[in-house]
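Trainee: Following is a predicted model, sequence given first.
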Amino acid sequence: MKRFNILIHLAERTYAAHSDAFFSLLNILAADTRIKIDILAETTELLDEIQESIPENARNNNLFSVAKRSEEKSSVINTTEKAITYLKIMEKFDTLIWMGQLEEVNKLTRISAEKVIPFLSAEEESETGKLEVYPFILTDSMERKKILNHSSSLQEKVIYLPTWKVNVPARTPAFVNRRGIAEISAEMETTDSLPEVMEKIKLEAPTFDWRYKGNETDYYSLDTETDIGIVLEEDIHPFLDYAKKGKPVIVPEKELFIALLGEDYPLFIQHPNDLTTILPQLLANEEIYYVATKKCYTLAENFDYERNKQQLLETIHSLNNKQETILFAGHDFKFLYPFIETCARAGKKVLLDNWKGHKRHSRKKSFALLAEADIIFCEWGLGNAVFYQNHVKQGQKLYIRAHRQELQTDYLKKVNYRKVENVITISPQMLEEFHQVHRIPRNKLTLIPNMVDTKKFQLAKKDDARFHLGMIGIIPKLKRIDRAVEIFERLWQEDNRYKLHIKGRLPQDLPWLEERSEEMAYFQKVFEKIDQAPWKENIIFSPFGSDIPEWLTNIGVILSTSDLEAFHLAPMEGMASGATPIVFNWEGADLIYPEECIVTSVDEAVEKIKNLEMNERTKHQHIYERYDLQNITTELMELVFN
């Protein structure tokens, strides 16, 4: 695993004023299995206080103090500088998070600025130029972040450290004023004049009503919904309660709100009596309502805990240049080997968890591999996806690549997609079906099709390839070999130069197929027809193998006669070789293959093939190059490794 070692230096003064920020930072970092934390407290007393309050998930971290190090090392390590130098050697930390006076960083450490992330409080002054040398700056003050972001040199470098959990819904609410129901967040005894003010407004606006938050009084709307929030104190918490729900908030024109909302915010008031002016304007003007709501909601999004937590972790990990480990898990990697090889060539450490089937695997081996992985990539969304979703840790990323088979199983219905980074589908049709059938959230779905190594198929065709039909894979029966045989038979009856080449495993090669009596009966009937036909010598079977590029040099027409497919790689490989694809209209085929190659019946397929001339065959280069191995592996690399 690409583990990142962090030392947090905590000064007593900073802890006294910002203990919430320290414990928030500790909680976020300790939950990420890729991060190892050491804490250096300024004093032994501070160390003892931290140990009493440390959260459960951070109890395995090392805690030190300068005095404690001095006692253990016979007074040799008796300063902050010496303690940090000692821990740099012994604990080998990669980055120092400095939670103390910024001006002391250079005095007390010999750590270069690019290895330091300072914590900057709202009250601590610092010149912009002095902050530019650091890769990032942490602050628990959103006002401070907004001010610092005005500097072009610090944009995107200031990370907000959330000290309480604000959860903004993932789905943006409609910014609509239903009736104009206002809710006031204030102590009632401090707003004696408000009832008179609000009742006056109510007389002028018949649909308007109001209430105090959380208090049923004579002034209490029967409508339980809220359209407008009114906050009369300089307090961000009640403001965010309304803002995150997509409501405009009337607030006092105080320093906090001016810094966060800007001087041009339309809903500032100097005194509660100003409501008699601003509320009627808000009720009558949809544009003011929308502009104010959007501004409030955008600010609430900036406070969202999960968003800020993710940004903090991504920021930390962006400093980590150690080798990443990717674990591939599944029972069949035949469609994925080029990507696996690309990861290895890119310097990633590659691990393979080879499953014996949809749910059979060595749990001991899987757990051991999981402990090493930064990224888990499940090829096929079967039992492997369920297992790794159940056991993936904070800081690890889980990807699932699904084909069609998953639609016939319930495995993906058991997955909690909050733990999944992305589900990769291989065709537009499959993307829609996984959303509709398995209810996979659309924002978790990504379309990256199967890949074709187009260059290896570009070999010279043999002279008689024009009359040779090809079919790759005939199992299961939905591949419809009977259609391929019928197409060939009709063509042979007009010209006996036609042949049908079939490549892949036969029913007798797969013992498990014997348990499916209906399928075996189907194949038996087809093969009896072949054996009894006068053209049986013109059907040539080739075994399963990796020699498909050479096999395709003898093929002029590649068939896809299936009832169902997710993508069907064979016609794409055929196109890359210069063969013409004939594709039956299985659902989604028209989103992948050219319209002129799609047929709806055997009759139509026969007519298309008869009318083909070798010198008129379309190469469809612009289509198959879209699926070229290099293009698709690049898309996968960008998705998985950002």
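Mentor: Now that the structure is in, tell me what you want to look at.
Trainee: switch to C-alpha atoms for all contacts and neighbour counts from now on
Mentor: Fine.
Trainee: mind listing the helices for the stretch 1-150 of the chain?
Mentor: 12-30, 44-53, 66-72, 80-90, 105-108, 128-131, 142-148 (DSSP state H, counting those that start in this stretch).
Trainee: Reformat those helices as JSON lines; add mean neighbour count, mean pLDDT and distance to K393.
Mentor: Below are those laid out as JSON lines (neighbours: other CA atoms under 10 Å; pLDDT from 0 to 100; distance: least, CA to CA, whole Å):
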{"stretch": "helix 12-30", "mean neighbour count": "18", "mean pLDDT": "93", "distance to K393": "11"}
{"stretch": "helix 44-53", "mean neighbour count": "14", "mean pLDDT": "88", "distance to K393": "24"}
{"stretch": "helix 66-72", "mean neighbour count": "17", "mean pLDDT": "56", "distance to K393": "33"}
{"stretch": "helix 80-90", "mean neighbour count": "17", "mean pLDDT": "80", "distance to K393": "27"}
{"stretch": "helix 105-108", "mean neighbour count": "14", "mean pLDDT": "79", "distance to K393": "34"}
{"stretch": "helix 128-131", "mean neighbour count": "13", "mean pLDDT": "80", "distance to K393": "34"}
{"stretch": "helix 142-148", "mean neighbour count": "19", "mean pLDDT": "89", "distance to K393": "29"}
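Trainee: Compare those helices and give me the one nearest R179.
Mentor: When these are compared by CA to CA, helix 142-148 sits nearest R179, at 32.5 Å.
Trainee: elements contacting the closest one?
Mentor: With contacts taken as 3 or more CA pairs under 8 Å, 6 or more residues apart in numbering; DSSP states H and E, helix 142-148 sits against strand 158-160, helix 255-261.
Trainee: how about the last one: buried residues?
Mentor: Same thing as helix 255-261. Neighbour-count burial for helix 255-261, counted by 16 or more other CA atoms under 10 Å, picks out 257-258, 260-261.
Trainee: Distance check, the residue nearest in space to the middle of the chain against L369.
Mentor: Closest residue to the average C-alpha location of the chain: E421 at 3.3 Å, with CA atoms, centre = their mean. Remark: distance between E421 and L369 (CA to CA, to the nearest Å) = 19 Å.
Trainee: Could you do N60 as well?
Mentor: To L369, N60 is 22 Å away according to CA to CA.
Trainee: Which parts of the stretch 151-300 of the chain are helices?
Mentor: According to DSSP H, counting those that start in this stretch, the helices that the stretch 151-300 of the chain contains are 194-204, 236-243, 255-261, 275-284, 286-303.
Trainee: by contact count, what packs against the longest one?
Mentor: With contacts defined as 3+ CA pairs under 8 Å, 6+ apart, helix 286-303 has these neighbours: helix 236-243, strand 249-252, helix 255-261, helix 275-284.
Trainee: Output that helix as PDB, nothing but the C-alphas.
Mentor: Extracted C-alpha coordinates of helix 286-303, given in PDB (Å, rounded to 0.1, in the frame of the first residue of the first chain):
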ATOM      1  CA  GLU A 286     -38.600  35.800  -8.200                       C
ATOM      2  CA  GLU A 287     -35.100  36.900  -9.400                       C
ATOM      3  CA  ILE A 288     -34.000  38.200  -6.000                       C
ATOM      4  CA  TYR A 289     -35.300  34.900  -4.400                       C
ATOM      5  CA  TYR A 290     -33.400  32.800  -6.900                       C
ATOM      6  CA  VAL A 291     -30.100  34.800  -6.700                       C
ATOM      7  CA  ALA A 292     -30.100  34.800  -2.900                       C
ATOM      8  CA  THR A 293     -31.000  31.100  -2.700                       C
ATOM      9  CA  LYS A 294     -28.200  30.200  -5.100                       C
ATOM     10  CA  LYS A 295     -25.700  32.200  -3.200                       C
ATOM     11  CA  CYS A 296     -26.700  30.600   0.100                       C
ATOM     12  CA  TYR A 297     -26.700  27.100  -1.300                       C
ATOM     13  CA  THR A 298     -23.300  27.500  -2.900                       C
ATOM     14  CA  LEU A 299     -21.900  28.700   0.400                       C
ATOM     15  CA  ALA A 300     -23.500  25.700   2.200                       C
ATOM     16  CA  GLU A 301     -21.800  23.400  -0.300                       C
ATOM     17  CA  ASN A 302     -18.500  24.900   0.600                       C
ATOM     18  CA  PHE A 303     -19.100  23.800   4.200                       C
END
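Trainee: Report the buried residues of the helix or strand just after that helix.
Mentor: Using DSSP states H and E, the helix or strand that directly follows helix 286-303 along the chain is helix 305-318. Buried residues in helix 305-318, counting neighbours by 16+ other CA under 10 Å, are found at 305, 308-309, 312, 316-317.
Trainee: about what we covered before: export the helices of the stretch 151-300 of the chain to TSV and tack on distance to E595 and mean pLDDT?
Mentor: Below are the helices of the stretch 151-300 of the chain laid out as TSV (distance: least, CA to CA, whole Å; pLDDT from 0 to 100):
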stretch	distance to E595	mean pLDDT
helix 194-204	64	86
helix 236-243	50	95
helix 255-261	54	94
helix 275-284	54	93
helix 286-303	45	95
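Trainee: Dump those to CSV, plus distance to A11.
Mentor: As requested, the helices of the stretch 151-300 of the chain are exported to CSV (distance: least, CA to CA, whole Å):
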stretch, distance to A11
helix 194-204, 46
helix 236-243, 27
helix 255-261, 27
helix 275-284, 46
helix 286-303, 26
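Trainee: These: which one's closest to F567?
Mentor: When the helices of the stretch 151-300 of the chain are compared (using CA to CA), the closest one is helix 286-303, at 39.0 Å.
Trainee: Give me the pLDDT value at R211.
Mentor: Predicted confidence (pLDDT) for R211: 86.
Trainee: What average pLDDT does the helix or strand hosting I632 get?
Mentor: For I632, the element it lies in under DSSP H and E is helix 629-641. For helix 629-641, the mean per-residue pLDDT is 92.
Trainee: Just give me how far it sits from the chain centre.
Mentor: 15 Å (CA atoms, centre = their mean, to the nearest Å).
Trainee: CA atoms of it as CSV?
Mentor: The C-alpha coordinates for helix 629-641 follow below in CSV (Å, rounded to 0.1, in the frame of the first residue of the first chain):
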residue,chain,number,x,y,z
LEU,A,629,-6.3,-0.6,-27.2
GLN,A,630,-4.3,2.5,-26.6
ASN,A,631,-7.3,4.8,-26.6
ILE,A,632,-9.3,2.6,-24.1
THR,A,633,-6.3,1.9,-21.8
THR,A,634,-5.7,5.7,-21.7
GLU,A,635,-9.3,6.3,-20.6
LEU,A,636,-9.1,3.6,-17.9
MET,A,637,-5.8,5.0,-16.6
GLU,A,638,-7.2,8.5,-16.4
LEU,A,639,-10.3,7.3,-14.6
VAL,A,640,-8.6,5.0,-12.1
PHE,A,641,-5.5,7.0,-11.4
